[in-house]
Each structure stands twice: as C-alpha cells, then as structure tokens.
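S.K.: Here you go, sequence then predicted model.
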Amino acid sequence: MNERMEVPVIDPSRMQADPARAGRARTGPLTGVRVLDLTSVMMGPYCTQALSDMGAEVIKIEAPEGDSSRTIPPCGISGTSGIFASLNRGKRSVVLDLQQSEGRDACLELAATCDIFIHSMRPRAIERLGLSYDQVASANPQIVYCNLLGFGKGGRYAGLAAYDDAIQAISGLASLQEELIGQPAYMPTVLADKVTGMAGVFAVLAALYHRERSGEGQEIDVPMFETMASFVLVEHLCGAAFDPPIGRAVYPRVMARSRRPFATRDGQLAVLVYNNKQWVSFARIAGREDLVDDPRFRTLPDRSRNLDAWNETVASIIATRTTAEWVDILAQAGVPAMKLNRTDDLFTDPHLEDVGFFKSIEDPVDGTLRLPGFPVTFSKTPGAFAAPASPQGADTDAVLREAGFPPDRIAALRAAGVLDARGGNELSAQQPHLPGI
C-alpha cells in the first residue's frame, strides 16, 4: 500500500457539524459530516436521505414556497405527504430566499461550515443564483460540491429540463417494454431518480474520502441520462459490446415475454431455475428427470436459446402445487423461489418484520409514522433516523445561530422576507426545472 501523504489539517469547528447542537442523535459512519442540501422532490432528497440515515447532519434549504413534494397526496393532518416524510426524515429545514442577495450570502456562509454541498438545479439556474462551484469553493475551498443534473455538461442536451419519465425514455428503458407489452411504457417506479440519487451517494462519499486523504475539495457532476444509460446497458450491452456489433443491445433472457411470475395452485411464484445444478434439482423434484437430457434444456446456452419453451415448461410444473409447498421444497433444493408480494404486503412480510425493516417514529402533528429503515447494516456504526421531517423552516433560526449569525442579523433577514416560509404547491421560482418528480 502506498505511504499516506501528509494531510492538511481541517478545522473541525468550521468543517464539521456538532450532532449535539443539532439536537439529533446520530450514530452512523457519517457522524460529524455536514451537508447543505439544495435539492427537492425525489432524486436529490433520496440521495441526502441516505447520507442522513448514515449519520450526516443534513441542512435542507427550502425556498419560501417549500419543496413541492411536501404536498403530493395523500397527506397527513399537517399537510405533509408520506413521500416527503420518508425522504426528509432526520433533516433540518431552513428557509432561504436565494433570489435575494442576502439569502445567497447566508447560503454561502452556511456552506463555509459544511463538508458537502449538493443541488439539483440546472447549471444556468445555480449560476444565476451565485452558487456555482467556483462561488461556493471561494467560501469553502475544501467543499465537496455535487451537481445532480439531467445531462452531462459537455453534451448537446446540457441544460435541458429532465424528469424521471424523460430519462426513462431517452435511456432506452421505456422502449424495452414495447417488446414485452406491445407499446413503450415507463417502469412503475421513479427508477431514474433513485438510481441517480444512489450514484450521487457513492460519488460524494468517494470525493469525501479523497478530501480526507489530500485536503482537496472538488466538483462532481452526476447526470441522470449518462447514469441511466450505464445502468440499462449493464446487461443489455450484449452483442453491441463488439465493434462491429455481433448482436443487438438486448439481453434475451429478461426480454422473453414468457418471463413472468408463474401461477401456482393458489397464487403466484417467481422462480428462476438458472444454472445446471438448479435445473437438475428442479427436474427431480418435479418428477421430470426426462428434462435433464432434453436437448432444448441440457445446458444454460441450450435453455437460453429456447427461452419460451423453457419458461412454459417450468410454468406447467409450478401450476401443480401450492405456493407454500414450492417455496419450502425449492428453498431446500437451493432453487430461488419467492411468492408474489403486492406493495401493501411489504408492511406485513415476515422477513422484513424479523429484521426490523420498518421503523416507527412519532411526529408531533401526524402521530405515528411507519417508514422504511436504512437497509444497510454496519457492525460498528449503525445507521438510523431519530427524528421526523421538520416543518418548513422549523430549524432556520437554530442553524443560523450555530453558524455564527447574531440575533440582530437573523431579525434583519426575517424582516427582509429572506426567511419567510410561504408554503404552496408550486415549484420554487428560485429552483426552476428541478430534475425528478
């Protein structure tokens, strides 16, 4: 291993948050890391939710109109949606009108106390606000600055508005559905938002690690289009990897129309009898030893060339027993098989109950909230969340005081309307064309 280089000393009073001051119990591996979060809706908040769950103090900057996802129905008594409550749990809410120079200046001063600055605005919008990387880095040279973008800055689509549907379309994901159902369709989840949000997590953590070794901050671009193109082509690259291509950019197994959960005697079961060992075990359990030597199914390449016949053969066998019978028998044989859950079933799934996946938290207005927990476990520094999403602007004064703003300046900012929360359902004018909805 290379000898560690000498690392410049970083002033912890300026660069790190004090969890005690924040009033939130933090135990995760990112305890002591402070994040200034200028994102809204889905993609960015999903990224910063993970950082918060891992112990970082996340300061969510909201425009006076508020994050529009606060009011995506259905909403609780407080008027806050379940989506917002989960994505923004444990974060601190600060209202700043970044359209006003005083709000921009206050934001830069907060950035000087943070380790990470992350936003989801288009490049021209963040530049107009005076919060580009160069401007933030002038206040904090060691900042890890992350742009969550629709498209990379070097391409012809740079600066275009981008939402999950648009990225599913241009990345090829929606077109894959056409081969299965006869027309293009979006996945029934905001996949592009969430995949890009996760990419943002590993990107800022890698940059943070570099900073801890070198003392250097840096700017990161995480574009939705490029991220999803990479994601889709993991398996669909196939024959297009060769120049010239030796086949389509499509992975045949996942594009077979016969690939689906199979009907049992009393329900639906997902089964993938994939490798040769599993195929032999399955054939013997079914009493169909003849299938082992069937030339259509003898090896994995054989089965891949006869996908529909393979799937239909498995389907006819699965229909002969109940879901519970198959789950038990196939588990013992090492063959992957899972019953079909609806999304509502997740709240009573016995495995998720065993591992304590859902966490209950008390909101002072909405009462008990049951939210998905952080799925990753750390043996020494467990991630968690201990506080509900803050009401809009609830932490403004406390965060500003902690950053060294004197009371008279806070009062002046409030008198100027810089700190006023106005609520509303429209996207903030100061954060136009946010990727992800």
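M.R.: Received, thanks.

S.K.: Quick one: mean pLDDT for stretch 120-129?
M.R.: On average, the pLDDT along stretch 120-129 is 95.

S.K.: Just the terminal-to-terminal distance for it.
M.R.: Terminal residues of stretch 120-129 lie 13 Å apart, using Cα to Cα, to the nearest Å.

S.K.: Run through the neighbouring helices and strands of the helix or strand hosting residue 231.
M.R.: Per DSSP states H and E: residue 231 is located in helix 224-236. Contacts defined by 3 or more Cβ pairs under 8 Å, 6 or more residues apart in numbering; DSSP states H and E place helix 224-236 against helix 164-170, helix 173-181, helix 191-214. Every C-beta, even on glycine, is put in place using the N, C-alpha and C of the backbone.

S.K.: can we see that at 10 Å?
M.R.: If you count contacts as 3 or more Cβ pairs under 10 Å, 6 or more residues apart in numbering; DSSP states H and E, helix 224-236 packs onto strand 144-149, helix 164-170, helix 173-181, helix 191-214, helix 252-255.

S.K.: ok, and which of these has the densest surroundings?
M.R.: When you average the neighbours per residue for each of the helices and strands packed on helix 224-236 (mean count of other Cβ atoms under 10 Å), strand 144-149 leads with a mean of 26.

S.K.: what residues go with each domain of this protein?
M.R.: Per automatic domain parsing, the structural domains of the chain span 12-232+359-415, 262-339.

S.K.: Quick check: mean pLDDT of stretch 321-336?
M.R.: Averaged over stretch 321-336, pLDDT sits at 94.

S.K.: Likewise for stretch 191-198?
M.R.: The average pLDDT for stretch 191-198 rounds to 98.

S.K.: how far is that stretch from where the chain is centred?
M.R.: Relative to its chain's centre, stretch 191-198 lies at 5 Å (Cα atoms, centre = their mean, to the nearest Å).

S.K.: wait, isn't residue 291 in contact with residue 306?
M.R.: No: look at residue 291 against residue 306 with Cβ atoms under 10 Å: they stay out of range, at 11.7 Å.

S.K.: Could you pull out the residues contacting both of these two?
M.R.: Residues touching both residue 291 and residue 306 (Cβ atoms under 10 Å, 6 or more residues apart in numbering): 297, 313.

S.K.: okay, the two: which has more neighbours?
M.R.: Looking at residue 291 and residue 306 with other Cβ atoms under 10 Å, you find the greater number of neighbours at residue 291, namely 20 against 16.

S.K.: residues in contact with that one?
M.R.: Taking Cβ under 10 Å, 6+ apart, we find residue 291 in contact with 273, 279-280, 282-284, 297-298, 310, 313-314, 317.

S.K.: Relative to residue 313, how far out is it?
M.R.: In this view, residue 291 and residue 313 are 7 Å apart by Cβ to Cβ, to the nearest Å.

S.K.: between these two, what contacts are shared?
M.R.: Counting by Cβ under 10 Å, 6+ apart, the contacts common to residue 291 and residue 313 are 273, 283, 297.

S.K.: which secondary structure elements does whatever helix or strand the second one lives in contact?
M.R.: This means residue 283. Under the criterion of DSSP H and E, residue 283 resides in helix 276-285. Helices and strands touching helix 276-285, by 3+ Cβ pairs under 10 Å, 6+ apart, are helix 300-305, helix 307-318, helix 323-333.

S.K.: ok, and what's touching the first one?
M.R.: Translated: helix 300-305. 252-253, 256, 273-276, 279, 294-297, 299, 309-311, 313-314.

S.K.: Show the contacting residues for the residue nearest to residue 175 when sequence neighbours are not counted.
M.R.: Leaving aside its chain neighbours, residue 175 sits nearest to residue 184 (5.4 Å; criterion: Cβ to Cβ, 6 or more residues apart in numbering). Each residue near residue 184 by Cβ under 10 Å, 6+ apart is listed here: 168-169, 173-178.

S.K.: pLDDT weak spots in the stretch 301-437 of the chain?
M.R.: The stretch 301-437 of the chain contains residues with pLDDT under 70 at 423-437.

S.K.: Going along the chain, name the strands of it.
M.R.: Along the stretch 301-437 of the chain, counting by DSSP state E, counting those that start in this stretch, strands occupy 337-339, 358-363, 367-372.

S.K.: May I have the strands that pair with the shortest one, each with its orientation?
M.R.: Yep, that's strand 337-339 we're talking about. With DSSP bridges as the test, strand 337-339 is paired with strand 268-271 (antiparallel).

S.K.: Just the buried residues of the strand it pairs with, please?
M.R.: By 16 or more other Cβ atoms under 10 Å, the buried positions in strand 268-271 come out as 269, 271.

S.K.: Contacts for that strand, please.
M.R.: 259-264, 278, 282, 311, 314-315, 317-319, 321-327, 330, 335-341.

S.K.: Would you mind listing which of those are buried?
M.R.: Neighbour-count burial (16+ other Cβ under 10 Å) is assigned, among these, to 259, 262, 264, 278, 282, 311, 314-315, 317-318, 321, 323, 326-327, 330, 335, 337-339.

S.K.: Just the angle for the helix holding residue 283 relative to helix 307-318, thanks.
M.R.: 40 degrees (axes from the mean of the first three to the mean of the last three Cα atoms, to 10 degrees).

S.K.: quick one: pLDDT of the nearest residue to residue 183 once chain neighbours are set aside?
M.R.: Using Cβ to Cβ, 6+ apart and skipping the chain neighbours, the partner closest in space to residue 183 is residue 177 (7.5 Å). Note on residue 177: pLDDT of 92.

S.K.: What's the separation between residue 177 and residue 186?
M.R.: Residue 177 sits 8 Å away from residue 186, going by Cβ to Cβ.

S.K.: distance of the closest residue to residue 371 other than its chain neighbours from residue 80?
M.R.: Distances taken as Cβ to Cβ, 6+ apart put residue 86 closest to residue 371, at 4.8 Å, once the chain neighbours are dropped. Counting by Cβ to Cβ, the gap between residue 86 and residue 80 amounts to 11 Å.
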